[in-house]
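Student: quick one, what's the 3D model for this:
(chains A and B)
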Number of protein chains: 2
Amino acid sequence: MDTVLKDKLNEYCKRVELGIDEFLPDAHTRPKKLHSAMRYSISAGGKRIRPTLLLIASELFERKSDPTAAAVAVECLHTYTLIHDDLPAIDNSALRRGSPSCHTKYNEATAILAGDSLLTHAFRVLSEQYSTEPNLAILLIKELAQASSSECLIAGQQEDIENEGQAIDADKLLFIHAKKTAALLSAALKMGLYFCQPNESQLSMIALAGYHLGLAFQIIDDILDATSSSDLLGKPVGNDAAIEKSTYIVLLGLEGARSEAHRHTQKAIDAFKNLGGNNLTLLSLVSELEKRIN
Amino acid sequence: MDTVLKDKLNEYCKRVELGIDEFLPDAHTRPKKLHSAMRYSISAGGKRIRPTLLLIASELFERKSDPTAAAVAVECLHTYTLIHDDLPAIDNSALRRGSPSCHTKYNEATAILAGDSLLTHAFRVLSEQYSTEPNLAILLIKELAQASSSECLIAGQQEDIENEGQAIDADKLLFIHAKKTAALLSAALKMGLYFCQPNESQLSMIALAGYHLGLAFQIIDDILDATSSSDLLGKPVGNDAAIEKSTYIVLLGLEGARSEAHRHTQKAIDAFKNLGGNNLTLLSLVSELEKRIN
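Tutor: Now for the predicted structure:
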């Protein structure tokens, strides 16, 4: 990765880490086990891709207020989905990013409630931190609630579970990836852009970019799951195959999946170019994501 | 129950039922199983006490907008807590209000996601339905998010679980009941009052009323669990004793619990009287709740 991008991403990550520390209840808050579980899972060393996208998007044009709390809200939302996905009744993953998953480290009841807590906290942070800018706050909350709703993120998760062990077609796989992964990435970008008081066409353009970026991101994740070593990824590889998840690799083969990832990456780049503004960081980040599989 | 109050409560209930039907995704929305589970659990014949309190509170003084969507949001939030409470890893209840609980009727994964969906939907409905009144919307969202947060509702639930099978003292039991039950009842009342543009002292007074009403409500529930027949309640009775939950009955005996319920009921009545406005329905509802145990 070129060092300019690397330094920038490190800087965004630091802002996200500081924001998480600032806007989440202290681990010693009563009940300690619950708050410690929330902090354990949100600090488990993720790439912070969603909050980073939000922060970068907020710098595309002139910005009015500080987007850090919104970035934290998106990461709370994302972390809750990971905790609940890992539960025995869903993916039954004992590990997450090389460490015990939340229910392994604590227990199942605490993991369910820690997930519920982070989901609730996402909306709490937005309503508390932007209460003096209610118009902005409502746009942020509506965007996040719609993207993570039963018709979007949770819809993708539900169909993913329902189709385990079954051969599924490209349409259904696209539905799952678009809803489960692309929607929240797209929402993070839109939420960032809301800080620049965008017009409708800018919002549509960044949503389109987010859609393609999200699909590229998911396909790349599937390719890495199928091809990397466990050490590199920090989680068991071949996990998708083991629980018989359909992926683009099953559907298109490895080369087909690579070319699909490339196609979506290009479409995301086109949309970010159309959007204009200070888009250089976004453009190099998108290209960098694809490089992980080459 | 006197027929005037009964008719009024039926009317409020009807508004809540219509609101649920209007503001929840159709049961046929993709994925059908998820949306059908959401509607199954929210239609399982509860007393609608929280949304009813919200609607009544919104009529205490002159009201500006329609509180029905806010009432639905509170019921979505409440229903999610019931679905997750019933899960095998938490209370492991196969029945809820005389019918199979959500994970019994569907499966555990769907129940986890249906709970997540209703929690998310609460905030979605508020942000969508009050988007043209962002000041009101933010007050409603902040109130609901704080009351249902890891420091409040979920805190009570976590400590309830952690203390199962253990003798606990009155302070801890009060913490659990105040957080797990009273906070959401209090929030429902405050949310209703927000529709009347209240001042700070009115908000404090209704919060105090909600606190005492919530505690009375929980103690009455515990008494009914210990003394009623299963047919009357529509759920297994003696369930608290079976899973060794500490209740006021364990702590104070049946008569002690009755007198504690009466004390809190009186304090709620005093606060509602102090609040003034069109408080007659609230006053007779509060008295009525206590009559269930006499």
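
Student: C-alpha from now on. contacts and neighbour counts both.
Tutor: OK.

Student: distance check, A:Pro67 against chain B.
Tutor: Here A:Pro67 is placed at a distance of 17 Å from chain B (Cα to the nearest Cα, to the nearest Å).

Student: distance of that residue from A:Ser58?
Tutor: Relative to A:Ser58, A:Pro67 is positioned 7 Å away (Cα to Cα, to the nearest Å).

Student: contacting residues for A:Ser117?
Tutor: A:Met38, A:Tyr80, B:Ser149, B:Ser150, B:Ile154 (Cα atoms under 8 Å, 6 or more residues apart in numbering or on different chains).

Student: the fourth one belongs to a strand?
Tutor: So that's B:Ser150. No: the assignment for B:Ser150, made by DSSP: H, G, I helix; E, B strand; the rest coil, is coil rather than a strand.

Student: got the contact list for A:Tyr130?
Tutor: So A:Tyr130 contacts A:Leu136, A:Ala137 (Cα under 8 Å, 6+ apart).

Student: mind running it again at 6 Å?
Tutor: With contact set as Cα atoms under 6 Å, 6 or more residues apart in numbering or on different chains, A:Tyr130 has these partners: A:Ala137.

Student: re the thing from before, so if I had to pick from A:Pro67 and A:Ser58, which one is more boxed in?
Tutor: A:Ser58 (27 against 24; other Cα atoms under 10 Å in any protein chain shown).

Student: can I assume that one is in contact with A:Leu193?
Tutor: Yes: taking contacts as Cα atoms under 6 Å, A:Ser58 lies within contact range of A:Leu193: 4.9 Å.

Student: returning to what we had before: need the buried ones from the contacts of A:Ser117 selected in PyMOL.
Tutor: Listed next is the PyMOL selection for buried residues among these, using 16 or more other Cα atoms under 10 Å in any protein chain shown:
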select buried, (chain A and resi 38+80) or (chain B and resi 149+150+154)
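
Student: adding distance to B:Leu283 and pLDDT, write the contacts of A:Ser117 out as JSON lines.
Tutor: Formatted as JSON lines, the contacts of A:Ser117 follow (distance: Cα to Cα, whole Å; pLDDT from 0 to 100):
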{"residue": "A:Met38", "distance to B:Leu283": "40", "pLDDT": "98"}
{"residue": "A:Tyr80", "distance to B:Leu283": "41", "pLDDT": "98"}
{"residue": "B:Ser149", "distance to B:Leu283": "29", "pLDDT": "98"}
{"residue": "B:Ser150", "distance to B:Leu283": "31", "pLDDT": "98"}
{"residue": "B:Ile154", "distance to B:Leu283": "29", "pLDDT": "98"}
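
Student: now do the same contact list for A:Lys8.
Tutor: A:Lys8 neighbours (Cα under 6 Å, 6+ apart): none.

Student: same deal with A:Pro134?
Tutor: Taking Cα under 6 Å, 6+ apart, one finds B:Pro134, B:Asn135 in contact with A:Pro134.

Student: which residues of the stretch 101-250 of chain A lie near chain B?
Tutor: A:Ala109, A:Ser117, A:Arg124, A:Ser127, A:Pro134, A:Asn135, A:Ile138, A:Lys142, A:Ala145, A:Ser149, A:Ser150, A:Ala155 (Cα under 6 Å from any Cα of the partner chain).

Student: identify the farthest-apart pair in those.
Tutor: A:Ala109 and A:Asn135 (36.8 Å; Cα to Cα).

Student: what's the burial count for the closest residue to chain B within the stretch 151-294 of chain A?
Tutor: Going by Cα to the nearest Cα, chain B is nearest to A:Ala155 of the stretch 151-294 of chain A, at 5.9 Å. The burial count assigned to A:Ala155 is 25, neighbours taken as other Cα under 10 Å.
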